[in-house]
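Peer 1: Predicted model and sequence below, questions to follow.
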Amino acid sequence: AQKVTQAQTEISVVEKEDVTLDCVYETRDTTYYLFWYKQPPSGELVFLIRRNSFDEQNEISGRYSWNFQKSTSSFNFTITASQVVDSAVYFCALSTDYGGSQGNLIFGKGTKLSVKP
Amino acid sequence: NAGVTQTPKFQVLKTGQSMTLQCAQDMNHNSMYWYRQDPGMGLRLIYYSASEGTTDKGEVPNGYNVSRLNKREFSLRLESAAPSQTSVYFCASSKTGSGWELFFGSGTQLSVL
């Protein structure tokens, strides 16, 4: 079965703190893709990153970084020096071709991050 | 570029009424999707269309129908709305195949009374 688990329902931090959002996935496919999306209070869904199963290199983009570990089936997202504008719901998602699903994204339930000034 | 456009943005229905949510994309994508978002549930796939002329059920298809009108447009129809269909609906599109990010519309807030 394909599954994405985001165990942290809500996280609250004070501005400038570092915060890590956890994502654990399940799949039997050897080829798969992992994504992170951001949903700010305005409601739109913003794509942040895509990672394929053959690339375990960590990624850094400004204050954002992602740690992909196949050994633990995890794809965690860290925000360094958090800001109020980072307040949002963050979704982790998985895509495989299992059962001919052709790229459908399976989403976790999301983690709501609140950054207080 | 507009990207993915959904209409309407808000809708209130009475139980048993029908309506169609419209979605259009201008990115020349082959694949289109309808998701619903409920509190604490994440996004769940209702239907998808891998290419023009094909549609397939997702995780939660009951109570819905879809039409892939052409490459650009993918509509979602509620034939007899129920309170359990109160949700935020998102249309999305992507290139064909796995591994491509989905581009989402701005969502439709639907309330069924």
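Peer 2: Looks like it arrived, so ask away.
Peer 1: Show the contacting residues for residue 76.
Peer 2: Unless you meant another one, I'm taking chain A. Listed by Cβ atoms under 8 Å, 6 or more residues apart in numbering or on different chains, the contact set of A:Asn76 reads A:Thr20, A:Leu21, A:Asp22, A:Cys23, A:Trp66, A:Asn67, A:Gln69. To be clear about C-beta, it is placed using only N, CA and C from the backbone, and glycine gets the same treatment.
Peer 1: Chain B is the one I meant
Peer 2: With Cβ under 8 Å, 6+ apart, B:Leu76 has these contacts: B:Thr20, B:Leu21, B:Cys23, B:Trp34, B:Ile46, B:Tyr47, B:Tyr64, B:Asn65, B:Val66, B:Tyr89, B:Cys91.
Peer 1: so which strand or helix has it?
Peer 2: Secondary structure assigned from DSSP states H and E places B:Leu76 in strand B:74-78.
Peer 1: can you count the residues close to residue 34?
Peer 2: Going with chain A. 24 (other Cβ atoms under 10 Å in any protein chain shown).
Peer 1: Correction: the question concerned chain B.
Peer 2: Other residues close to B:Trp34 by other Cβ under 10 Å number 27.
Peer 1: these two touch, right, it and B:Arg44?
Peer 2: No - with contact defined as Cβ atoms under 8 Å, B:Trp34 does not reach B:Arg44; the gap is 10.0 Å.
Peer 1: okay, and the common contacts of these two?
Peer 2: With Cβ under 8 Å, 6+ apart, B:Trp34 and B:Arg44 have common neighbours B:Gly58.
Peer 1: returning to what we had before: biggest separation within the contacts of A:Asn76, which pair?
Peer 2: Maximum pairwise distance among the contacts of A:Asn76 (Cβ to Cβ): 14.4 Å, between A:Leu21 and A:Gln69.
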